[in-house]
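>>> One predicted model, sequence on top.
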Amino acid sequence: MIVVEGISKAYNGKKVVDEVSFEVKKGETLVLLGTSGSGKTTLLKMLNRLIQPTEGKIRIDGEDITANRAETLRLKIGYVIQNIGLFPHYTIARNIATVPELLKWDRDSVDDRIDFLLKLMGLPEEMGSRYPAELSGGQKQRVGLARALAADPPIVLLDEPFGALDPITRRQIQTEFKELETLLDKTMVLVTHDVFEAIELGDRICLMHDGKIQQIGTPTELIFEPANDFVWNYFKSQRFQLEMKVLTLRELLPEIEPFDSGEGEKIVFNEETSFLDTMERLEANKNDAFQIAIFNEEKQDMHYTRKDKLWVAFNKVKEKLIHRNQ
Ligand SMILES: Nc1ncnc2c1ncn2[C@@H]1O[C@H](COP(=O)(O)OP(=O)(O)OP(=O)(O)O)[C@@H](O)[C@H]1O
């Protein structure tokens, strides 16, 4: 667990991070979202002591992070930096092996770990002997993540980990990232200025502006219960799509009228799929004569319905959320 208490950073007397406090629970992903220059990267770098705060305290699992040497702290914190930052003169394998080698793992364990991580990231084994310049942007990004995970750190900090990727690759890697089992129990803090990425990956979002937290909460809270005008305006231009993105089929389920014709094509969705992703997948399917099956993993149960009934449920749930907050 990470506890940040009244952290500030000032340059030339101006606070670029201004008395920020929050907690990140074990296994939780907190996204730092905000406009350019709002202090996200500075805040992230204070968590692994790359930047020294002007005031405030940071504790990890109860211990002040300044209690030990910065190098010791960094060994348990994986870090994916902006623009990937691979060492150009090292092979991919050596890049991935950086931290295990610092930790003086034996050769066989390092080699096994490299093989495991290349596989995990969907990269071919032969890539280990290539150099960063011989990889595509998406492949480099995967290597950057593999390197951060190399020594299996309990905490991972990610600064724009999918920046510099085209939107299609970006989305694909985000989805893969979300499904990586290795990351399930990790405590993560991720910086992005991409609102959809924040909703996709964050358990909670911390929206920053001018060095201050404007709101911290679940994606649904930020969209449907904005704390102030800044938060409302920040999401305004994409509001409708964002409403579709934060609501999952699980949240709509109580309002979805069942429909089962018993025949015809069925498209199966997991409950955790967002309404936006559901609709995009349905739009891509030209044949309208299908049924929708929503799978509830806990109950191992299927809920059958139709596209128009999903829209009705979405509008009902949205109305309820809006009214609750008036
Ligand atoms: N070493 C420094 N000296 C002076 N000012 C700095 C320094 N580092 C950062 N700043 C300023 O602090 C502010 C916050 O920068 P930071 O990089 O944390 O923002 P950010 O939210 O991560 O932005 P971006 O999304 O553009 O990366 C900016 O105004 C920046 O110019």
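Structure's in. What do you need? Numbering: from 1, shown residues only.
>>> which residues touch the residue lying closest to Glu197 once chain neighbours are set aside?
The shortest distance from Glu197 to any non-neighbouring residue, by Cβ to Cβ, 6 or more residues apart in numbering, is to Gln174 (6.1 Å). Any C-beta I mention is one placed from the backbone N, CA and C, and that applies to glycine too. By Cβ atoms under 8 Å, 6 or more residues apart in numbering, the contact list for Gln174 reads 162, 197, 200-201.
>>> PyMOL command for the buried members of those?
Buried members of these, defined by 16 or more other Cβ atoms under 10 Å, are picked up in PyMOL with:
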select buried, resi 162+197+200+201
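>>> of the contacts of Gln174, the lowest pLDDT goes to which?
Least confident entry in these, by pLDDT: Phe162, with 84.
>>> How about that one: what's its closest non-neighbour residue?
Phe162 sits nearest to Arg170 (Cβ to Cβ, 6+ apart), 4.8 Å away.
>>> in the stretch 151-300 of the chain, which spans are helices?
167-179, 195-201, 219-224, 229-236, 239-246, 249-252, 275-284 (DSSP state H, counting those that start in this stretch).
>>> got a markdown table for the ones you listed, with distance to Tyr90 too?
Formatted as a markdown table, the helices of the stretch 151-300 of the chain follow (distance: least, Cβ to Cβ, whole Å):
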| stretch | distance to Tyr90 |
| --- | --- |
| helix 167-179 | 22 |
| helix 195-201 | 28 |
| helix 219-224 | 38 |
| helix 229-236 | 40 |
| helix 239-246 | 39 |
| helix 249-252 | 44 |
| helix 275-284 | 38 |
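>>> ranking these by mean pLDDT, which is last?
helix 167-179 (a mean of 80).
>>> Can you give me the first-to-last residue distance of stretch 243-250?
Stretch 243-250 has an end-to-end distance of 14 Å (Cα to Cα, to the nearest Å).
>>> Which positions within that stretch qualify as buried?
243-249.
>>> Close to the ligand: what parts of the chain are there?
Within the chain, the positions near the ligand by Cβ under 6 Å from any ligand atom are 11, 16, 34, 36-42, 193.
>>> farthest-separated two in the residues you listed?
Tyr11 and His193 (20.6 Å; Cβ to Cβ).
>>> Of the two, which one has the most company?
More crowded of Tyr11 and His193, by other Cβ atoms under 10 Å: His193, with 15 against 10.
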